[in-house]
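Asks: Fold the following for me, if possible:
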Amino acid sequence: MALTERYVSSAAGGGGDGSSGSPWTWDEMLSSAAAGDRCNVYGTFSLSSSDSAFSNDGTATQPIIVRGCSSAGSITDGYQGRTQGGAGPLDTTNMPAINYSSGKRLNTDTEYLVLESLNFTSTNCTNGVTLTGTDNVVIRCRMAMTGTGGTTNLYGNDYSFTVIDCDCFNTASGGGSSIDIANETRYQAAYGCHAVCTSGSAINAGRAVVVGCVVYDSVIGIEDSTQYGMTTIANCTIYNCTTGIQTEDNANRTYLSRVLGCHITDCTYGLVNDHIATSDVPIIRAYTRYRDNTSGNDDGGFGDWPEYGTITTDSGDAATDYNSTANDDYRLVNGAAGADQGALAGDLGALKEIEAGSGVLRRLARIYGGG
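Replies: A predicted model of the protein is given here:
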């Protein structure tokens, strides 16, 4: 695959050819980018006149890639990792700012699109970035929704939509979700993301896979919201939500969902299975740590299905589990109850234990069969 490098600048005056010396505007990129183009974006863009959509599709071998950077001469520097030793929010220093307002958004059904290292803000918008084509990927982006309205911050709703290592924060007043990957017939995934929704669900997932995500300060941490289930929520950390994990209340819910290796603390409810199972399969739970969820779990919908490897201790507080919730650093502290308690002696939750001394060697020995 030979990508063609294109350039997009907020300082471009229009009429460019997409070269480094004559970059496109944002709108020119949308209309001109084609399969095999990698669009290197830099600057600060203020977009409020209309919704944005790509005119062309990528292909399975040649996607359209939109990649953030600090300048035309530094096209690989958009991603600077995460703060707090790799555990905190994304470092957006070199990411271009893509600012939508007045109800406008990136709303496209383009297929085979990759968004990488971009810093989106949606202010007073009903929805944020909305991708409805197949086989789209969002990686290492920050997306923030503020103001009034604000239903969905990042929406991906077709086959194989995948969001990786992103920060999605929805503090708008409209409810909804911060990451929405719920669809009854598609299969989407979220991996390694941080998400907040102060008036709704941080991650709305259905028939999806959610792995290694950190969600906090939300009404619902992760919601399995389709009637079919078939959702896997694994090794996620969920903190300070009204409900940590909640499933769909639907009498037709028929397929097993799974909660595996998660860390759910300091919520009102840890896990709520709204569907009261009779003959249908509800949910399987294994290797999950609960602490200080004031109303516990609502087990009316679990039936006689057992829970395996559970750790429930109500002593201590956030400092006994996490490095620094004040700095959004949810790594487990040395000696946390969830350390070494998952399958193959792995830690529970999304982020690994900060170990001291020979702890790493001890971990390797336990995993690979040493003493």
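Asks: mind listing what's buried in stretch 11-18?
Replies: 12, 16, 18 (16 or more other C-beta atoms under 10 Å). C-beta: built from backbone N, CA, C; applies to glycine.
Asks: ok, now how distant is the second one from residue 26?
Replies: According to C-beta to C-beta, to the nearest Å, residue 16 and residue 26 sit 12 Å apart.
Asks: wait, what's in contact with residue 319?
Replies: Going by C-beta atoms under 8 Å, 6 or more residues apart in numbering, residue 319 touches residue 333.
Asks: right, and residue 285 touches residue 307 too?
Replies: Yes. The pair residue 285 and residue 307 passes the contact test of C-beta atoms under 8 Å, sitting 4.3 Å apart.
Asks: So which of those two has more stuff around it?
Replies: Neighbours per residue, other C-beta atoms under 10 Å: of residue 285 and residue 307, the larger number sits with residue 285, 24 against 17.
Asks: what's across from that one in the sheet?
Replies: When bridges are called by DSSP bridges, residue 285 pairs up with residue 259, residue 307.
Asks: and it, what is it in contact with?
Replies: The neighbours of residue 285, taking C-beta under 8 Å, 6+ apart as the test, are 258-260, 271, 302, 305, 307-308, 310.
Asks: Residue 339 contacts residue 354, doesn't it?
Replies: No. With contact defined as C-beta under 8 Å, residue 339 does not reach residue 354; the gap is 9.5 Å.
Asks: what sits in contact with each of the two?
Replies: With contacts defined as C-beta under 8 Å, 6+ apart, the residues shared by residue 339 and residue 354 are residue 332.
Asks: When those two are compared, which one has more neighbours?
Replies: Neighbours per residue, other C-beta under 10 Å: of residue 339 and residue 354, the larger number sits with residue 339, 23 against 18.
Asks: list the contacts for that one?
Replies: When the contact criterion is C-beta under 8 Å, 6+ apart, the partners of residue 339 are 332, 347-348, 353.
Asks: Give me the phi and psi angles of it.
Replies: Summarising the backbone geometry of residue 339 under the convention degrees, to the nearest 10, its torsions are phi -70, psi 140.
Asks: just to revisit the earlier point, any idea which of the contacts of residue 339 is closest to residue 291?
Replies: Minimum separation from residue 291 among these (C-beta to C-beta) is found for residue 348, which lies at 11.0 Å.
Asks: pretty sure the closest one contacts residue 263?
Replies: Yes. Taking C-beta under 8 Å as the contact criterion, residue 348 and residue 263 are neighbours in contact, 4.8 Å apart.
Asks: Which neighbours do those two have in common?
Replies: Shared contacts of residue 348 and residue 263 (C-beta under 8 Å, 6+ apart): 288-289, 332, 338.
Asks: Out of these, which is nearest to residue 114?
Replies: residue 332 (32.0 Å).
Asks: wait, isn't that closest one in contact with residue 347?
Replies: Yes. A contact is recorded between residue 332 and residue 347 when judged using C-beta under 8 Å, the distance being 5.8 Å.
Asks: shared neighbours, those two?
Replies: With contacts taken as C-beta under 8 Å, 6+ apart, residue 332 and residue 347 have 338-339, 353 as neighbours in common.
Asks: ok, residue 41 to residue 25 distance?
Replies: The gap separating residue 41 from residue 25 is 11 Å, by C-beta to C-beta.
Asks: more crowded one of these two?
Replies: Taking neighbours as other C-beta under 10 Å, residue 41 and residue 25 compare with residue 41 leading, 27 against 19.
Asks: Assumed that one was part of a strand.
Replies: Yes. Residue 41 forms part of a strand when assessed by DSSP: H, G, I helix; E, B strand; the rest coil.
Asks: In the stretch 151-300 of the chain, where is pLDDT below threshold?
Replies: In the predicted model, the stretch 151-300 of the chain carries pLDDT under 70 at residues 184-185, 227-229, 249-254, 274-282, 299-300.
Asks: who wins for neighbours among the contacts of residue 339?
Replies: For those, neighbours tallied by other C-beta under 10 Å; top is residue 348, 28 neighbours.
Asks: What strand or helix carries that one?
Replies: Counting by DSSP states H and E, residue 348 is held by no secondary-structure element, helix or strand.
Asks: I'd assumed residue 296 was in contact with residue 270.
Replies: Yes. Using C-beta under 8 Å as the test, residue 270 is close enough to residue 296 to be in contact (6.4 Å).
Asks: okay, which residue is most central for the chain?
Replies: The geometric centre of the chain, computed from its C-alpha atoms, lies nearest to residue 193 (C-alpha atoms, centre = their mean), at 3.6 Å.
Asks: Next up, the contacts around that residue.
Replies: With C-beta under 8 Å, 6+ apart as the criterion, the residues that contact residue 193 are 163-168, 179, 203, 213-214.
Asks: will you turn the residues you listed into CSV that also has neighbour count?
Replies: What follows is the contacts of residue 193, written out as CSV (neighbours: other C-beta atoms under 10 Å):
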residue, neighbour count
163, 29
164, 16
165, 19
166, 25
167, 22
168, 31
179, 32
203, 32
213, 30
214, 27
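Asks: Can you tell me which of these comes closest to residue 91?
Replies: residue 167 (10.3 Å).
Asks: how far away is the closest one from residue 214?
Replies: For residue 167, the distance to residue 214 (C-beta to C-beta) stands at 10 Å.
Asks: intersection of neighbour lists for these two?
Replies: Taking C-beta under 8 Å, 6+ apart as the contact criterion, the common neighbours of residue 167 and residue 214 are 193-195.
Asks: Where strands are concerned, which of those count?
Replies: Residues from these lying in strands, with DSSP state E as the criterion: 194-195.
Asks: what's the closest of the shared contacts of residue 167 and residue 214 to residue 343?
Replies: Within the shared contacts of residue 167 and residue 214, distances to residue 343 taken as C-beta to C-beta reach their minimum at residue 193, with 21.9 Å.
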